[in-house]
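Asks: Pasting the sequence and the predicted model now:
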Amino acid sequence: MALSLPAIMRTTAARLSALYLLLFALCAVLLVFYMTSLSARMLTAQTQETINDEVLGLAQAYQRGGLPVLVRVVENRSRQPGANLYLIADTNGQILTGNVQSLAPGVIETEGWTTEPFSYQRFGEGELDRLRSGAADQTPQTGETSPQSEGEKGHNAIALVLRLPNQMIMLVGRDLGEPERFRAVIRRSLMLALGMMGLGGLLIWFFVGRAALKRIDSVSDASRRIMGGDLSGRLPVTGAGDEFDRLSANLNTMLARIAMLNEGLKQVSDNIAHDLKTPLTRLRNRAEATLAGKHKTTDYRQALEGTIAESDQLIKTFNAILMISRLEAGYSSETTSPVDLAATVSDVVELYEPVAEEAGVALEATVPEAVTINGNRELIGQALSNIVDNAIKYSTGAAESPKVLVTLSRAGGEIKLTVTDNGHGIPDDADRARATERFVRLEKSRSQPGSGLGLSLAKAIMTFHSGRLDLVPANPGLSVVMSFPVRETH
């Protein structure tokens with residue numbers, strides 16, 4: 001995938017960045033214009049309040065000494081730096097005194113507050129404009145126009161127009177240059193902020209989109225290798241802990257699970273081909289031997305009974321394989337309910353006491369009064385039976401006093417069900433790890449009956465119960481530990 005701008009814009013990260021940038025820009029524009037308008041209104045209100053105070057002071061001066069005192073006060077205030085606009089005109093609109101040289105037409109013809117800002121020119125600005133205009137006329141023509149002077153641009157103001165008792169006109173106003181400059185500053189700041197925000201947004205689009213595309217490309221490459229048959233491949237995890245890493249980690253767990261199931265399926269196929277070939281061959285040979293020559297009815301009956309027994313053993317083997325596959329796949333129709341492990345241990349020990357006694361093995365159990373977990377009683381009983389049966393078989397002849405001990409205890413957050421024998425055990429760590437695989441029989445002589453599925457089924461049952469099966473050396477012998485997590489029963 002090429003890392004071009006259209007490709008980047010098709011990514012979710014870039015689209016979200018664009019959406020958030022647009023939303024933020026819209027909110028920022030609305031907020032700035034609102035604040036600008038609010039500030040302008042506040043400045044206008046403050047300006048009107050200042051003009052009202054000026055008018056009140058002039059009214060008091062007029063009351064003290066009439067028109068002469070008012071004219072004198074207006075002339076004094078007009079000369080002060082940064083003075084407001086002052087104007088006194090006769091009834092015909094002829095300016096008598098003040099600091100205003102000219103006004104926009106119609107301003108002093110009204111009475112009260114001006115409805116909108118008007119343009120004006122102070123005294124002295126007209127002369128300055130003429131001087132500047134003359135200097136510009138003497139400048140050589142270069143094809144460029146000189147900039148307009150401040151006087152040519154004019155000023156804007158608001159004012160309060162009053163009619164004096166003698167029908168003369170008084171105007172008191174204030175220049176709006178400060179609010180206009182405030183608006184200009186806000187406008188420039190807004191444009192600069194939006195420009196920087198737009199540039200930052202474009203950079204975010206590019207770099208975030210580019211990084212996202214690189215991650216997606218690496219995931220796509222790994223996916224193609226996996227689809228090509230390399231089930232050992234995994235999706236890349238950068239360690240950043242973001243959503244890509246979490247997704248990759250979950251998919252890697254799924255791939256590991258699939259690889260394990262495929263490997264288990266391959267092993268089952270191989271084991272069926274090798275380990276079930278012997279009993280099937282034995283069945284065929286028995287049937288062939290029975291059919292060869294003349295035999296009595298009892299001979300045929302014995303042959304058929306042996307065939308049935310061998311077939312039952314094959315059926316048990318296939319049922320065990322199906323049970324292991326179903327439990328390892330994580331889906332099973334087996335239901336769970338509160339199970340008293342102490343009662344289950346007592347039942348299994350009672351069931352195998354005759355078998356142990358016949359084999360000359362002392363079978364003992366040490367269990368508390370009651371230990372309850374949430375599980376499947378039949379599956380737990382099947383796993384424990386397989387382990388006890390193995391312990392009895394492989395402790396026989398290994399010691400002068402063969403013994404199998406079943407104990408039930410609580411350790412930390414787990415409930416441990418342990419079956420210990422004093423036989424030869426499994427001294428090699430690698431052999432102990434292989435002992436729970438399907439069809440694995442560590443006894444090379446194969447003198448003991450069995451299919452090598454007992455511990456595999458027990459391990460699958462413990463996995464179904466979110467527990468684990470551990471093989472620990474007992475010196476002498478072997479301890480098989482079934483560890484159940486402690487959970488509340490319902």
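Replies: Now that the structure is in, tell me what you want to look at.

Asks: Every contact and neighbour count from this point should use C-alpha atoms.
Replies: Fine.

Asks: All the helices of this structure, in order from the start?
Replies: Along the chain, counting by DSSP state H, helices occupy 5-9, 12-79, 125-138, 150-153, 177-227, 243-275, 277-291, 297-328, 341-359, 377-395, 429-434, 454-464.

Asks: Can you tell me which of the ones you listed is most buried?
Replies: Most buried of these, by mean neighbour count (mean count of other C-alpha atoms under 10 Å): helix 454-464, with a mean of 23.

Asks: Taking helix 297-328 as reference, get the angle to that helix.
Replies: 30 degrees (axes from the mean of the first three to the mean of the last three C-alpha atoms, to 10 degrees).

Asks: for helix 454-464, packing partners?
Replies: On a contact count with 3 or more C-alpha pairs under 8 Å, 6 or more residues apart in numbering; DSSP states H and E, helix 454-464 meets helix 297-328, helix 377-395, strand 468-473, strand 478-485.

Asks: Of these, give the one that comes closest to Asn92.
Replies: Closest to Asn92 of the helices and strands packed on helix 454-464 is strand 478-485 (C-alpha to C-alpha; 105.5 Å).

Asks: Check what contacts that closest one and list those residues.
Replies: By C-alpha atoms under 8 Å, 6 or more residues apart in numbering, the list of residues contacting strand 478-485 from outside reads 387, 413-426, 462, 465-473.

Asks: And the helices of the chain, which one averages the lowest pLDDT?
Replies: Confidence, taken as mean pLDDT, is least for helix 150-153 of the helices of the chain (a mean of 42).

Asks: quick revisit: dump the helices and strands packed on helix 454-464 into JSON lines; add distance to Gly239 as well.
Replies: Formatted as JSON lines, those follow (distance: least, C-alpha to C-alpha, whole Å):
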{"stretch": "helix 297-328", "distance to Gly239": "30"}
{"stretch": "helix 377-395", "distance to Gly239": "40"}
{"stretch": "strand 468-473", "distance to Gly239": "29"}
{"stretch": "strand 478-485", "distance to Gly239": "31"}
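
Asks: between those, which gets nearest to Gln48?
Replies: Nearest of the helices and strands packed on helix 454-464 (C-alpha to C-alpha): strand 478-485, 80.9 Å.

Asks: Distance from that closest one to the middle of the chain?
Replies: How far strand 478-485 lies from its chain's middle: 38 Å, per C-alpha atoms, centre = their mean, to the nearest Å.

Asks: who does it pair up with?
Replies: strand 414-421 (antiparallel), strand 468-473 (antiparallel) (DSSP bridges).

Asks: Now do it against helix 377-395, angle only.
Replies: Angle of strand 478-485 versus helix 377-395, following the same axes, to 10 degrees, is 160 degrees.

Asks: how about the CA coordinates for strand 478-485, as CSV?
Replies: C-alpha atoms of strand 478-485 as CSV (Å, rounded to 0.1, in the frame of the first residue of the first chain):
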residue,chain,number,x,y,z
LEU,A,478,5.1,-39.8,41.4
SER,A,479,2.5,-37.3,42.6
VAL,A,480,-0.2,-36.2,40.1
VAL,A,481,-1.8,-32.9,41.4
MET,A,482,-5.2,-31.7,40.2
SER,A,483,-5.4,-28.0,41.1
PHE,A,484,-8.9,-26.4,41.1
PRO,A,485,-9.4,-22.6,41.4
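
Asks: For it, list every residue counted as buried.
Replies: Within strand 478-485, the residues that count as buried by 16 or more other C-alpha atoms under 10 Å are Leu478, Ser479, Val480, Val481, Met482, Ser483, Phe484, Pro485.

Asks: quick check, nearest of these to Leu31?
Replies: Pro485 (58.6 Å).

Asks: Quick one, grab the pLDDT at that closest one.
Replies: Confidence score, pLDDT, at Pro485: 88.

Asks: That one and Lys393, how far apart?
Replies: Remark: distance between Pro485 and Lys393 (C-alpha to C-alpha, to the nearest Å) = 29 Å.

Asks: same deal with Asp347?
Replies: Per C-alpha to C-alpha, Asp347 is found 19 Å from Lys393.

Asks: Domain ranges for this structure, per the record?
Replies: When the chain is parsed with automatic domain parsing, its domains come out as 276-328, 337-485.

Asks: Need those domains in a markdown table (columns: distance to Gly177).
Replies: Listed next are the domains of the chain as a markdown table, based on distance: least, C-alpha to C-alpha, whole Å:
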| stretch | distance to Gly177 |
| --- | --- |
| domain 276-328 | 83 |
| domain 337-485 | 79 |
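
Asks: I'd like to know which of those domains lies nearest to Ala45.
Replies: Closest among those, using C-alpha to C-alpha: domain 337-485, at 74.8 Å.

Asks: Any idea how far apart the tips of the closest one sit?
Replies: Note: domain 337-485 ends 15 Å apart using C-alpha to C-alpha.

Asks: Give me the buried positions along stretch 401-415.
Replies: For stretch 401-415, using 16+ other C-alpha under 10 Å, the buried residues are Pro402, Lys403, Val404, Leu405, Val406, Thr407, Leu408, Ser409, Ile415.

Asks: Can you list which of these are found in strands?
Replies: The members of those that map onto strands under DSSP state E are Lys403, Val404, Leu405, Val406, Thr407, Leu408, Ser409, Ile415.

Asks: how near is the fourth one to Glu350?
Replies: Pointing back at Val406 there. Taking C-alpha to C-alpha, one finds Val406 at 12 Å from Glu350.
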